[in-house]
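Visitor: Here you go, sequence then predicted model.
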Amino acid sequence: MRQERTVQASIFDLFAEHEIGRELKAMSEWLDEHGDLLGLVARDLRRHGLRQTGREGLPAEAVLRCAALLKQHRQLSYQELAFHLEDSASFRAFARLPWGWNPKKSVLHKTISAIRAQTFEEINGVLLASARQEKLESGKVVRVDSTVTAALIHEPSDSSLLWDAVRVTVRLLQQAEALGSAIPWHDHRRAAKKRARAIEYIRCRPKRIKHYRELLKITRTTLSYLQQASEQLPLTAGPAGELWQAQLRHYRPLGGRRRLCQPRKSERSDMAFHKKRGLSIEDMVSSRWVYRKLRNFRAGIEAGISCLKRAYGLGRCTWRGLDHFKAYVWSSVVAYNLALFARLRPT
């Protein structure tokens with residue numbers, strides 16, 4: 001059984017007079033004004049069809065305050081968050097924990113990770129609307145930029161993807177041979193891996209292009225073996241043959257995508273990069289005056305990206321899976337926007 005908010009607040013919930021304490025108090029007041037957000041969090045915590053009976057869990061209010069704000073705002077691990085919730089009076093007052101509750105790191109991890117990215121996005125939308133209503137941000141001028149957040153996945157370079165295509169294709173050919181395919185084919189995994197490693201470590205561009213074209217040729221040849229095997233595989237292979245055909249339909253399009261060795265030229269439009277990256281100003285914009293205007297305008301977003309990466313954990317996502325990656329990024333954005341809203345809001 002889980003409640004949306006702590007029913008009985010403690011009279012000992014006091015915030016420190018420190019700058020961080022005052023900031024947490026301002027953030028807490030905004031959350032109190034928008035109590036309808038707790039229903040979104042409670043929906044995520046109950047979406048697995050759990051029964052409404054049994055031991056009481058952390059209230060949805062405490063989960064939201066611990067997740068988007070304390071953990072991301074102060075950049076704490078689950079173990080550190082569990083310690084500060086037990087040790088710090090300001091943290092306990094902000095989290096609205098029931099009296100005598102000291103959640104462990106496993107409980108915090110299970111509940112915080114249950115909040116979906118869509119929920120954080122809806123909370124952020126309410127926050128932006130509140131900032132516009134209180135005239136802290138008009139929204140008439142918007143600076144847009146993109147950045148990269150590292151994740152716990154392999155960096156997919158094109159050469160490594162081609163090598164993976166050859167490796168998986170050879171595995172399918174071995175399975176087809178066991179099922180009765182009799183086509184002649186050769187194992188090119190060693191040659192493909194050699195060229196993929198050469199592309200990764202050689203810095204001379206002409207040599208890399210040469211190895212890349214050879215890798216493309218090896219991949220096409222291996223895929224042609226797979227096409228012949230699919231045509232000659234006996235129809236009497238049974239369920240194993242149907243499973244092999246399903247794997248073929250999944251993997252063959254991934255390895256047969258069209259790739260270009262030379263970039264295509266496109267029509268020039270005004271754009272500005274702070275780092276030239278080999279492009280002259282004339283290649284980017286029509287005049288130096290336009291370049292200075294776009295460069296100075298774009299620089300306004302760099303401070304926000306830098307703060308998100310340094311202070312709110314957006315430099316590297318430590319949660320696994322695509323859904324959790326999206327939730328992690330949105331939780332950092334919500335924590336940043338709410339902290340900025342609390343600083344700009346008059347007291």
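Guide: Received, thanks.
Visitor: alpha carbons only for contacts and neighbour counts from here, please
Guide: Noted.
Visitor: Would you mind checking which helix or strand in the protein has the lowest mean pLDDT?
Guide: Every helix and strand in the chain was compared by mean pLDDT, DSSP states H and E; the lowest is helix 281-284, with a mean of 68.
Visitor: Quick check: next helix or strand after it?
Guide: For helix 281-284, the succeeding helix or strand toward the C-terminus, using DSSP states H and E, is helix 288-311.
Visitor: in that next one, what's buried?
Guide: 291, 294, 298, 305, 308, 309 (16 or more other Cα atoms under 10 Å).
Visitor: same deal with stretch 190-204?
Guide: Quick answer for stretch 190-204 (16+ other Cα under 10 Å): 192, 193, 195, 196, 198, 199.
Visitor: And residue 304, how far from residue 111?
Guide: To residue 111, residue 304 is 29 Å away according to Cα to Cα, to the nearest Å.
Visitor: And for residue 17?
Guide: For residue 17 relative to residue 111 (Cα to Cα), the value is 30 Å.
Visitor: who has more neighbours, those two?
Guide: residue 111 (21 against 11; other Cα atoms under 10 Å).
Visitor: Contact partners for that one?
Guide: 45, 63 (Cα atoms under 8 Å, 6 or more residues apart in numbering).
Visitor: just to revisit the earlier point, wait, which of the buried residues of helix 288-311 is closest to residue 59?
Guide: Ranked by distance to residue 59 (Cα to Cα), the buried residues of helix 288-311 are led by residue 308 at 27.9 Å.
Visitor: If you drop the residues flanking it in sequence, what lies closest to that closest one?
Guide: residue 314 (5.5 Å; Cα to Cα, 6 or more residues apart in numbering).
Visitor: wait, isn't that neighbour in contact with residue 330?
Guide: No - between residue 314 and residue 330 there is no contact, the gap being 9.6 Å when judged by Cα atoms under 8 Å.
Visitor: measure residue 240 to residue 166 for me?
Guide: 22 Å.
Visitor: Now for residue 40: which residues touch it?
Guide: residue 119.
Visitor: I figured residue 123 was touching residue 37, is that so?
Guide: Yes - in terms of Cα under 8 Å, residue 123 counts as a neighbour of residue 37; the distance is 6.8 Å.
Visitor: Contact partners for residue 139?
Guide: residue 132.
Visitor: mind checking how far residue 336 is from residue 40?
Guide: When distance is defined by Cα to Cα, residue 336 is 20 Å away from residue 40.
Visitor: ok, back up a step: in terms of neighbours, single out the busier of residue 240 and residue 166.
Guide: Legend: neighbour count by other Cα under 10 Å for residue 240 and residue 166, higher for residue 166 (28 against 13).
Visitor: What strand or helix carries that one?
Guide: Per DSSP H and E: helix 158-179 holds residue 166.
Visitor: in that helix, what's buried?
Guide: Buried-residue list, helix 158-179, by 16+ other Cα under 10 Å: 159-160, 162-170, 172-173, 176, 179.
Visitor: Which elements pack onto it?
Guide: helix 189-201, helix 205-232, helix 239-255 (3 or more Cα pairs under 8 Å, 6 or more residues apart in numbering; DSSP states H and E).
Visitor: Low-confidence stretches in the stretch 1-150 of the chain?
Guide: Residues of the stretch 1-150 of the chain meeting the criterion pLDDT under 70: 1-2, 5-13, 47-55, 68.
Visitor: All the helices of it, residue numbers only.
Guide: Ranges of helices in the stretch 1-150 of the chain, per DSSP state H, counting those that start in this stretch, are 19-33, 37-45, 60-64, 72-74, 78-87, 89-95, 105-112, 117-133.
Visitor: Please tabulate those helices in JSON lines, including the columns distance to residue 249.
Guide: Output for those, formatted as JSON lines (distance: least, Cα to Cα, whole Å):
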{"stretch": "helix 19-33", "distance to residue 249": "50"}
{"stretch": "helix 37-45", "distance to residue 249": "35"}
{"stretch": "helix 60-64", "distance to residue 249": "43"}
{"stretch": "helix 72-74", "distance to residue 249": "42"}
{"stretch": "helix 78-87", "distance to residue 249": "42"}
{"stretch": "helix 89-95", "distance to residue 249": "50"}
{"stretch": "helix 105-112", "distance to residue 249": "37"}
{"stretch": "helix 117-133", "distance to residue 249": "31"}
